[in-house]
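Chemist: the sequence and its predicted three-dimensional model are supplied below.
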Number of protein chains: 2
Amino acid sequence: MTSQKFVPNKKRAVTIQDVAKAAGISVSTVSRVLNGKADVAAATQARILAVIDELGYTSNLAARSMRSHRNNLIGLVVPDIGSPYSIEIMKGVNRAIAETDFDLLVFTTADAQKTDALAHEQHYVSLLSNSITDGVLIAASATETFVSHTPIVSIDPHAPNPDYPCTQGTNFEGAKKAVEYLLNLGHRRIGFITGRGDSHSAARRKEGYCAALKLAGIAVDDTLIAVGDYTTKTGERAARQLLTLPKPPTAIFAVNDQSAIGVYQAAEKLGLSIPEDVSVIGFDNITEAQYLGLTTVDQFLSEMGYTAVQMLISLINHKPLEFQIHKMPAELVIRKSCRRI
Amino acid sequence: MTSQKFVPNKKRAVTIQDVAKAAGISVSTVSRVLNGKADVAAATQARILAVIDELGYTSNLAARSMRSHRNNLIGLVVPDIGSPYSIEIMKGVNRAIAETDFDLLVFTTADAQKTDALAHEQHYVSLLSNSITDGVLIAASATETFVSHTPIVSIDPHAPNPDYPCTQGTNFEGAKKAVEYLLNLGHRRIGFITGRGDSHSAARRKEGYCAALKLAGIAVDDTLIAVGDYTTKTGERAARQLLTLPKPPTAIFAVNDQSAIGVYQAAEKLGLSIPEDVSVIGFDNITEAQYLGLTTVDQFLSEMGYTAVQMLISLINHKPLEFQIHKMPAELVIRKSCRRI
DNA sequence: TTGAAAGCGCTAACAG
DNA sequence: CTGTTAGCGCTTTCAA
């Protein structure tokens, strides 16, 4: 077996000094053309540009940032790249970034489940913010306070923090709307799958669920509330618990779409069909839920990302913000997972 | 309307100097405890740690990287965060990263369609690689050469480049396998939706399509080959072209799953159903395709990302690579989008 | 065990 | 228009 070994080339990076030397000019002049200053002779500029191209020079971000404190770079910290939630937010962030002259750097706290995500969040935010980034966006932050001398905007934080501007969903109103929709369809036994206990948004969604029920004169039945943690796995377990009740609910409202997918899977495994046997609505609106045909409450995660970028850039440019908390309206997206009874 | 203005706090970042001053000690000693050197008195160390905690000090990545040239940070450049393709790769990369002590920084070339993505790719790679990152992974690179003094591993490059190690799919074999499956099902008129012309992998997939046909003694019919560019949009257009032919194909093999989704949508709009009227297979295997029930050739994009990380880390640690090109096997995933005729 | 000092590559005054 | 110089915050010799 001929295994082709590969040994990396270990050449030093070319610096501004190399360029200056090769062009027979001082570093400051090179720096000037690099930064597009006007006061450089056309001939000199052309020569330097040629040398830069020839040597394949690229400015060292670290060195540059150390001096100029402006990198046109914004950081985004997400709990888990690859989760539908993060992806949706990244899409919006990316779209907003594309309209500006900022670049985007995405940082992930890798394995949120392994060690304490809180410390990681903290760590990364300070790391980015105190270094190369002009400001940072932090999605689904569980952390309360950050150490940063650079602007921070938080996207859909678990708990609201008056110290940092953020975008937020209308969790209460959205959940209420969803449950009211089910009530209008004639449902009276409506189950709820909760999120993690420490999450402010999950709590608000539960409040919305209870409020809608109360408004309709229906008492909240604790046996119809099952505990989840935003994942499909616990969603399935919770749904199984609800659907195997002596008197199961005719509809289930899940704290998020991932949990709703769990309901979908549980129903499938129990030989139940949706929406014939049970109607389902989930909060949030991700691709999988869309393809499954799940009715969802869309709080426009991607818009949250989009808006957060604009807020952050205002802050970076020292413009005051109109609102410290930007609420995104939630909208019910009717698909085929609910039926009238 | 009471708009709550928000003005950012503009405090300077706390540096190692501040810590040294507050602890009544020199910066070098602080640096030592920061880097876990052994030769510091326990008392001094404790005091410094306390001050660090109190002041909320975080080391400046830029400054640190400038001196030490090792940041335990790897960069990933993707063409488009938010595209199913990139997401799949990121998942694998992230999984691998979580097993190491490296952190991941994801860079995106934002809007590939806007300006020339090639220059962007180039730019970001050098930027990351010459600065804060110990090595970079580049996904779906169209660029031929990179300027970098740091290791580079390319994931599923459009065109293979002998200068950089990479992970690659078995494009030819996978496509051949897919078409052979359709042939076994009895299909004789099998359409193909192509990828972009400049893509090596697209070309290989087409070759696989042709090879399978030839092996079965079927002449390649150019009217059954429609041009796409990896997107759902062109996939739909191409599918429409094929399906409205006087003698349409009974099956379509699409260069990627996004194009296959286009086939799905085109069929729907033409009132055709899958697989009754037309069978469909797509290359790659993303969430949407899975939920749609599309039969696909899975080349394990996420495994490509995973493997690439390991290759890169070997390089960073100056270990030679066993293979410069790591081929990932492609596997046919049978779902419900094909039928026997 | 600790401190002083020399840069890493770059930008930004300040002179010429 | 161009060069000189002084750091940005940090690590790392080299002395003490």
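Modeler: Sure, I can see it. Numbering: from 1, shown residues only, chains lettered A, B, ... in the order given.

Chemist: ok, the residue in chain A positioned nearest to DNA strand C - contacts?
Modeler: Nearest to DNA strand C, among the residues of chain A, is residue A:16, at 2.8 Å (C-beta to the nearest atom of the strand). Placement of C-beta: from N, CA and C, glycine included. Residue A:16 makes contacts with A:27, A:30-31, A:34, A:57, A:59, as judged by C-beta atoms under 8 Å, 6 or more residues apart in numbering or on different chains.

Chemist: sticking with residue A:264, tell me its helix or strand.
Modeler: Element membership of residue A:264, judged by DSSP states H and E, is helix A:257-269.

Chemist: name the helices or strands packed onto the next helix or strand after that helix?
Modeler: Remark: after helix A:257-269, the chain's next helix or strand is strand A:279-283, criterion DSSP H and E. Contacts defined by 3 or more C-beta pairs under 8 Å, 6 or more residues apart in numbering or on different chains; DSSP states H and E place strand A:279-283 against helix A:171-184, strand A:251-254, helix A:257-269, strand A:295-298.

Chemist: flag the shaky bits of chain A, pLDDT-wise.
Modeler: A:1-11, A:110-119, A:144 (pLDDT under 70).

Chemist: chain center to the helix holding residue A:264, what's the gap?
Modeler: Per C-alpha atoms, centre = their mean, to the nearest Å, the displacement of helix A:257-269 from the mean C-alpha position of its chain is 23 Å.

Chemist: who touches it?
Modeler: Under the criterion C-beta under 8 Å, 6+ apart, residues A:84-85, A:193, A:195, A:228, A:230-240, A:243, A:252, A:254, A:273-274, A:277-278, A:280-286, A:288-289, A:292, A:294, A:296, A:337 lie in contact with helix A:257-269.

Chemist: okay, the helices and strands packed on strand A:279-283 in TSV with distance to DNA strand D and mean neighbour count next?
Modeler: Formatted as TSV, the helices and strands packed on strand A:279-283 follow (distance: least, C-beta to the nearest atom of the strand, whole Å; neighbours: other C-beta atoms under 10 Å in any protein chain shown):
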stretch	distance to DNA strand D	mean neighbour count
helix A:171-184	39	22
strand A:251-254	45	32
helix A:257-269	39	25
strand A:295-298	43	26
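
Chemist: distance to residue A:98 for those - can I get that in TSV?
Modeler: What follows is the helices and strands packed on strand A:279-283, written out as TSV (distance: least, C-beta to C-beta, whole Å):
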stretch	distance to residue A:98
helix A:171-184	28
strand A:251-254	33
helix A:257-269	26
strand A:295-298	22
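
Chemist: which stretch among those comes nearest residue B:326?
Modeler: Ranking the helices and strands packed on strand A:279-283 by proximity to residue B:326 (C-beta to C-beta) places helix A:257-269 first, at 32.7 Å.

Chemist: and the angle from the closest one to strand A:279-283?
Modeler: Orientation check (axes from the mean of the first three to the mean of the last three C-alpha atoms, to 10 degrees): helix A:257-269 against strand A:279-283 gives 160 degrees.

Chemist: of the contacts of helix A:257-269, select the buried ones using a ChimeraX command.
Modeler: Of the contacts of helix A:257-269, the buried ones go into a single ChimeraX selection, burial set by 16 or more other C-beta atoms under 10 Å in any protein chain shown:
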select /A:84,85,193,195,228,230,231,232,234,235,236,237,238,239,240,243,252,254,274,278,280,281,282,283,284,285,286,288,289,292,294,296,337
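
Chemist: work out the gap between stretch A:325-332 and the centre of the chain.
Modeler: Centre-to-centre, stretch A:325-332 and its host chain are 15 Å apart (C-alpha atoms, centre = their mean).

Chemist: where does the stretch 151-300 of chain A come near chain B, residue by residue?
Modeler: On the criterion C-beta under 8 Å from any C-beta of the partner chain, chain B has as its neighbours in the stretch 151-300 of chain A the residues A:151, A:165, A:287-288, A:291-292.

Chemist: next step: the residues you listed restricted to helices.
Modeler: Residues of those located in helices (DSSP state H): A:287-288, A:291-292.

Chemist: any idea which of those is closest to residue B:125?
Modeler: residue A:287 (29.3 Å).

Chemist: just confirm that closest one contacts residue B:286, I think it does.
Modeler: No. Between residue A:287 and residue B:286 there is no contact, the gap being 9.3 Å when judged by C-beta atoms under 8 Å.

Chemist: so what's the residue lying closest to residue A:262 once chain neighbours are set aside up against?
Modeler: Distances taken as C-beta to C-beta, 6 or more residues apart in numbering or on different chains place residue A:235 nearest to residue A:262, at 2.3 Å, with adjacent residues excluded. With contacts defined as C-beta under 8 Å, 6+ apart, residue A:235 is in contact with A:193, A:228, A:254, A:258-263, A:265-266.

Chemist: dump the residues you listed to JSON lines, plus distance to DNA strand C.
Modeler: Output for the contacts of residue A:235, formatted as JSON lines (distance: C-beta to the nearest atom of the strand, whole Å):
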{"residue": "A:193", "distance to DNA strand C": "53"}
{"residue": "A:228", "distance to DNA strand C": "50"}
{"residue": "A:254", "distance to DNA strand C": "51"}
{"residue": "A:258", "distance to DNA strand C": "44"}
{"residue": "A:259", "distance to DNA strand C": "49"}
{"residue": "A:260", "distance to DNA strand C": "50"}
{"residue": "A:261", "distance to DNA strand C": "48"}
{"residue": "A:262", "distance to DNA strand C": "51"}
{"residue": "A:263", "distance to DNA strand C": "54"}
{"residue": "A:265", "distance to DNA strand C": "53"}
{"residue": "A:266", "distance to DNA strand C": "57"}
